[in-house]
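Engineer: how would this look folded up:
(one chain, ligands or ions: 1)
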Amino acid sequence: MPEIRDCIVLHGPDLAPHRCTRFAWEHDTITAIDLAGPCLRIDNGALVVIPGLTNGHTHMGDSFLPDGATGLTLEEGFFRPHGYKYRELAKLTREAHLPHITAHLAYMARTGTVRHLDFREQGAYGAALLREASELTGVQSVILGQFDGVPFTAEELRANQADLPAANRAELDAMLSIADGFSESTMNDLTDGAWREIREVTERCGKLRAIHCLENAAYRDTSLAVTGRGDLVRAIEVYDAHLIVHLTVATSDEIALLVRSGKTGVINPRANANLGLPLPPVAALLHAGAKLLLGTDNGLLNSPSMLAELDFTYKIAKSQFANALDPDPAAILKLATSNVRGVLGGDVYGWLETGLPADFVVLDFNRRHLRASRHAVASVLTRVTPDDVLATYRQGRALWRDPRFLS
Ligand SMILES: [Zn+2]
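Structural biologist: Numbering: from 1, shown residues only. Below you'll find the model as predicted:
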């Protein structure tokens, strides 16, 4: 039975750091975590075992264009039908595309991520492509498929009367036979009738629903102009989305609405910053008790490293709280770990306990820049680099293992 002796484990859903005399797993399950008391500081190095990270929002389909949108606005780079991303995707063969996605999933594993929730363009074909990359790398892809084409004309969207065309209805069924759920760019891309139909179909087959909301003020303004209601209200009341991504320009009323709805928000601070948008209201969302995940968004915009995203998010949250105490570092790490349980359930926990799936990461706190950490959880957020990740396991399978780590 593989095991790690005398390490530090961030234990349970609260990620409480403890000394651990023996951390063991067999096949896909953690079989022992022998705790020996709480331990926040490290005096002379240790291996630190943390839950495998979840990247709450990605578009790995455009990872073949790193930094390709430099100099483009959100609309120029990413909006349908003629945004840069969609033009470039349409040119790519399957053979040329797959290695890029696989390489970026492997980089996720290299940086401690065991799963990601992906908005996948290109319909059923796109979902199948990502499924293949997921199987090749062992990184779990929760695939939220998007229609390959735009179902409605601008006039139809303005009238907001049309139902989902039969061709898209068939495409939805084909997509959901592969994907874990549905996603679309914005609430303004479909009519309310289509949203209701997608809600019913996904509900019937137990699939997830996700959407970008409030990435900038135009999302809300366009929705208000067409339907008399903002995009967040429609995402909750018409579409009944499980995942609401961005919330960059959410007001206090909108944050309160999100919290009342019990839906999970996904923030992407580096992506927002990279597009010259405001930073999301991380402190206000945390303070209001919103359910939250954290994501790196487009492969075009960011490396899919949650280590970089956690560092950035912790710092902007501290700045927004504007005091020395908030947030607790563990509250930020939960955005990439134990908070995922509420969305995915099943055999996904996002924390470490005996009997749970062996989804964990081994960090080398024996290295000089980590071996005297006064706060192990804060150091996971702010100081651990990809090079400090010794191994990443999902369900007992090593997705990444440094030759230095011989367990
Ligand atoms: Zn996105």
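Engineer: okay, and for the chain, where does confidence drop off?
Structural biologist: 407 (pLDDT under 70).
Engineer: Quick one: residues contacting the residue nearest to residue 230 when sequence neighbours are not counted.
Structural biologist: Nearest residue to residue 230 in three dimensions, chain neighbours excluded: residue 220, at 4.5 Å (CB to CB, 6 or more residues apart in numbering). (Each C-beta comes from the backbone N, C-alpha and C, glycine too.) Counting by CB atoms under 8 Å, 6 or more residues apart in numbering, residue 220 makes contact with 214, 230, 231, 232, 249.
Engineer: List just the nearest of those residues to residue 193.
Structural biologist: Closest to residue 193 out of these is residue 231 (16.4 Å), distances taken as CB to CB.
Engineer: How about the secondary structure of residue 283?
Structural biologist: Judged by DSSP: H, G, I helix; E, B strand; the rest coil, the three-state class of residue 283 is helix.
Engineer: can you tell me how far it sits from residue 315?
Structural biologist: 12 Å (CB to CB, to the nearest Å).
Engineer: Then residue 48?
Structural biologist: Taking CB to CB, one finds residue 48 at 21 Å from residue 315.
Engineer: Give me the more crowded residue out of the two.
Structural biologist: residue 48 (28 against 15; other CB atoms under 10 Å).
Engineer: Surely the more buried one touches residue 376?
Structural biologist: Yes: contact criterion CB atoms under 8 Å: residue 48 and residue 376 qualify, at 6.0 Å.
Engineer: Overlap of the contact sets of those two?
Structural biologist: 8, 10, 17, 42, 365.
Engineer: Identify the bridge partners of the second one.
Structural biologist: When assigned by DSSP bridges, residue 10 has beta-bridge partners residue 17.
Engineer: hey, where'd the strands end up in the stretch 201-350 of the chain?
Structural biologist: 208-213, 243-246, 264-267, 291-294, 297-298 (DSSP state E, counting those that start in this stretch).
Engineer: Tell me the helices and strands packed up against the third one.
Structural biologist: Right, strand 264-267. Packing partners of strand 264-267 (3 or more CB pairs under 8 Å, 6 or more residues apart in numbering; DSSP states H and E): strand 243-246, helix 282-288, strand 291-294.
Engineer: Please apply the same query to the fourth one.
Structural biologist: With contacts taken as 3+ CB pairs under 8 Å, 6+ apart, strand 291-294 sits against strand 53-59, strand 264-267, helix 306-321.
Engineer: contacting residues around the residue lying closest to residue 321 once chain neighbours are set aside?
Structural biologist: Spatially, and ignoring its direct neighbours in sequence, residue 321 is nearest to residue 283 (4.5 Å; CB to CB, 6+ apart). Residue 283 sits next to 317, 320, 321, 326, 327 when contact means CB under 8 Å, 6+ apart.
Engineer: could you redo the last one with a cut-off of 7 Å?
Structural biologist: Counting by CB atoms under 7 Å, 6 or more residues apart in numbering, residue 283 touches 317, 320, 321.
Engineer: got it, and residue 26?
Structural biologist: residue 1.
Engineer: Run through the bridge partners of it.
Structural biologist: Bridge pairing for residue 26 - DSSP bridges - gives residue 29.
Engineer: any idea how far residue 1 is from it?
Structural biologist: 5 Å.
Engineer: Now do the contacts for residue 224.
Structural biologist: Taking CB under 7 Å, 6+ apart as the criterion, residue 224 is in contact with residue 230.
Engineer: Strands of the stretch 51-200 of the chain, start to end?
Structural biologist: Under DSSP E, counting those that start in this stretch, the stretch 51-200 of the chain gives strands at 53-59, 113-120, 140-145, 181-186.
Engineer: Show me what the third one packs onto, helices and strands only.
Structural biologist: Meaning strand 140-145. In terms of contacts (3 or more CB pairs under 7 Å, 6 or more residues apart in numbering; DSSP states H and E), strand 140-145 is packed against strand 113-120, helix 123-137, strand 181-186.
Engineer: Many thanks, have a good one.
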